[in-house]
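A.B. asks: Here you go, sequence then predicted model.
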Amino acid sequence: TGGPFCEPWVAVGCSSEKASNNAATSSVDVAKSTIESQDSSAASNLYSCTLSVLVGKAERARVAGGESNLLELPLVGLGTAFTPEDLQNESVADEAYSQLAADRTKLAITTAVACNIRLVETSTSHRNQRTVGAALRSALDSGFCRREELFVAARICRCRSEWEVKQEVDLLLEELQLDYVDLLSMDIPPERVPKAWPWLEKVHREGRARFLGVLNFDLLGHKVCCDVFREFLAEVTIPPAVHAMEVHPLNTNEEMASCCRGLGIQVLAYSPLAAPHKVEAFMRALTRSDAKDMRPLLKLSESAVLKDIGERHGVSSAQVALRWNLQRGHCVVPKSFVEEHIAENSQLFHFALSSKEMAILSGLHKGLRAERFLQQALVQGPKALPRMTREAQDTCEAILAKFRGPGQSGTPGDEQQIQEELAELYRQQEVLKGRGKGFEVPVFKEAGQNGGLGSPAMVQAVKASR
C-alpha cells in the first residue's frame, strides 16, 4: 500500500540493537531460504513465527521513535474475557453458557497462537483461568510455541491484604498451570494501589511475576491523574513496567499516555476497538431511530472516517484503529472469539497511517469509555447517558431530544463540510504522489449523526495540517 512497513524484511532490520538486528536477519534469512528450497509447511511456520516476534520488536522501536523498557512485550495480544454480550443475538440456555464460553475461549486462544499472537491477557475477575490455562498448555504441548515465547499478562482483583494477594497469586498460577506469569497487575481502584503495591513487589521478588503493572490511573481525572501517578512512582521500590488503560480513537487518553511515555512506562491498550458489544448493549435500550443515529458516533466499527481510511489502505476499520494505537507506541489486546477477526487483528504490519490520518483519527476523541455504557445498560429503569466530552454529550442529547417526523434523519448540517475536508486532504496527497487529478475521492457511506470527524477542534486540526 506504499507505507513504510510494506516489506517485512525492512521492518525486521530496523531494530536499534545491533545484536538483535543481526539475530533477526539471520533467523529470517534461514527460514526464507528454507521456504525457497523446500516448500514445506514446517518452514513456513518457522518463518511466520520468527517474523511475528521480531517484527513486533522492530516495529515498536520504529513507530514509537525509541526503545521501551519492556521491549519484549509483544505489540499485539488477545483479550480473553467472555461475557454474555459477546453472544450478540444468540440464545443460549443458562446451563449451556459456561461450556460454550469455555469452548470459544479455547478456540480463540488456539487460533491466536496459530496466528503467531504471543501475548495473552487474563484476569481472576474473568473466572476463566482454568480454560485459559488448558488452552495454553495444549499449545505448549503440541509444539506451537515454547513457554519463553509466550507473554502471559494476568490481573488479580482481591488485594485487601498481603495474605489475600498471596492466595490470589497461588490460585492464579495453579489454574493457569504455570510457574510464573510475565506481567502481574492489580485490577483495583487506583487510589488503593499504593497500599497494596509492596505486596505485589514481594511476588516479583519470589520469581512468580517477571514484570509488574498498574491499571486505570487515568480514571482519576485528566487534571490529577498524572500528578497522583508520579507521586505513587516516587514511593515504590520496583516501578511498574506497564500501565493498562482503555485507549482508542474515541478515547485517546493523551495526557496519561504522554505521562507514561515520558516516564518510560509501556502503555497497554485494552478495549482498543472501543468494545462495540458493550456500547451496543446500551443502544438496545434506545429507540431504533436514536440508536441508528448514535451508532456512527459511538461505535468505531461504524465510523465513516475509519471506513474511508481503511478503504484507502485496503484494510478494515478495526485494523485502522489498532494501527493508530501501534503508531502511538502502545501495545493492544483486542478481544474476539471469531477466528477470522483474530487473524485480521494480527495483520497490522503491512501498512502505515500518515501523520495527517493520525491527527484526523485522534480528533475523533469523545471521552468514550465502553464500560460506562455497559454499566448503564445493566441499570434497571431509565438509562442515563454515560459521561463523555461536553461536545459529544451535547450531540447525543440532541439526538435523544429530537422530534422525528416521516423521513427525518439524524444527519448533521455540517457533515458535508467535514467530508470535504478529508477529501481535500486525500486530493493533496495524491497530487504530491504525482497521480494528478484523476484520483477518485473517497466518499463517506452511511454516516449517521455526527458520524464524520467529530468535534470542531478536529476540523481545526485538519485545517492546521493543511
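C.D. replies: Yes, it's here. Residues are numbered from 1 along each chain as shown.
A.B. asks: CA atoms for contacts and neighbours, from now on please.
C.D. replies: Will do.
A.B. asks: what about L212, is that helix, strand or coil?
C.D. replies: Using DSSP: H, G, I helix; E, B strand; the rest coil, the structure places L212 in strand.
A.B. asks: Please give me every residue in contact with it.
C.D. replies: Each residue near L212 by CA atoms under 8 Å, 6 or more residues apart in numbering is listed here: 183-185, 200-201, 204, 239-242.
A.B. asks: Most neighbours among those residues, which one?
C.D. replies: L184 (29 neighbours; other CA atoms under 10 Å).
A.B. asks: Could you tell me what pLDDT the model assigned to it?
C.D. replies: With respect to pLDDT, L184 has a value of 97.
A.B. asks: Would it be right to say that it lies in a strand?
C.D. replies: Yes - the assignment for L184 is a strand, going by three-state DSSP.
A.B. asks: Report the beta-bridge partner residues of it.
C.D. replies: Beta bridges link L184 to A154, L212 when assigned by DSSP bridges.
A.B. asks: Return the distance of it relative to D170.
C.D. replies: 12 Å (CA to CA, to the nearest Å).
A.B. asks: Save the contacts of L212 as JSON lines, and put in distance to D308 too.
C.D. replies: Shown next, in JSON lines, are the contacts of L212 (distance: CA to CA, whole Å):
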{"residue": "L183", "distance to D308": "37"}
{"residue": "L184", "distance to D308": "38"}
{"residue": "S185", "distance to D308": "37"}
{"residue": "L200", "distance to D308": "45"}
{"residue": "E201", "distance to D308": "46"}
{"residue": "H204", "distance to D308": "46"}
{"residue": "P239", "distance to D308": "41"}
{"residue": "P240", "distance to D308": "38"}
{"residue": "A241", "distance to D308": "36"}
{"residue": "V242", "distance to D308": "33"}
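A.B. asks: was I right about W199 contacting E162?
C.D. replies: Yes - the criterion here is CA atoms under 8 Å, and W199 meets it with E162 at 5.5 Å.
A.B. asks: Now do the same contact list for H243.
C.D. replies: Contacts of H243 by CA under 8 Å, 6+ apart are 213-216, 260, 265-268.
A.B. asks: What's opposite it in the beta bridge?
C.D. replies: H243 has these beta-bridge partners by DSSP bridges: V214, V267.
A.B. asks: pLDDT score for it?
C.D. replies: 97.
A.B. asks: Dump the helix or strand containing L200 to CSV, keeping only the CA atoms.
C.D. replies: L200 belongs to helix 193-205 when assigned by DSSP states H and E. Extracted in CSV, the C-alpha atoms of helix 193-205 (Å, rounded to 0.1, in the frame of the first residue of the first chain):
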residue,chain,number,x,y,z
VAL,A,193,-2.7,0.7,44.6
PRO,A,194,-0.1,2.5,46.8
LYS,A,195,-1.1,0.5,49.9
ALA,A,196,-1.1,-2.9,48.1
TRP,A,197,2.0,-2.4,45.9
PRO,A,198,4.6,-3.7,48.4
TRP,A,199,2.7,-7.0,48.4
LEU,A,200,3.0,-7.2,44.6
GLU,A,201,6.7,-6.4,44.8
LYS,A,202,7.1,-9.4,47.1
VAL,A,203,5.5,-11.6,44.4
HIS,A,204,8.1,-10.3,41.9
ARG,A,205,11.0,-11.0,44.2
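A.B. asks: what mean pLDDT would you report for it?
C.D. replies: The average of the pLDDT scores along helix 193-205 is 96.
A.B. asks: What residues of it count as buried?
C.D. replies: For helix 193-205, the neighbour count (16 or more other CA atoms under 10 Å) marks 193, 196-197, 199-204 as buried.
A.B. asks: Out of the contacts of H243, which end up buried?
C.D. replies: Buried subset of these (neighbour count, 16+ other CA under 10 Å): 213-216, 260, 265-268.
A.B. asks: For the stretch 301-450 of the chain, give me the ranges with low pLDDT.
C.D. replies: Low-confidence segments of the stretch 301-450 of the chain, defined by pLDDT under 70: 403-422, 431, 433-450.
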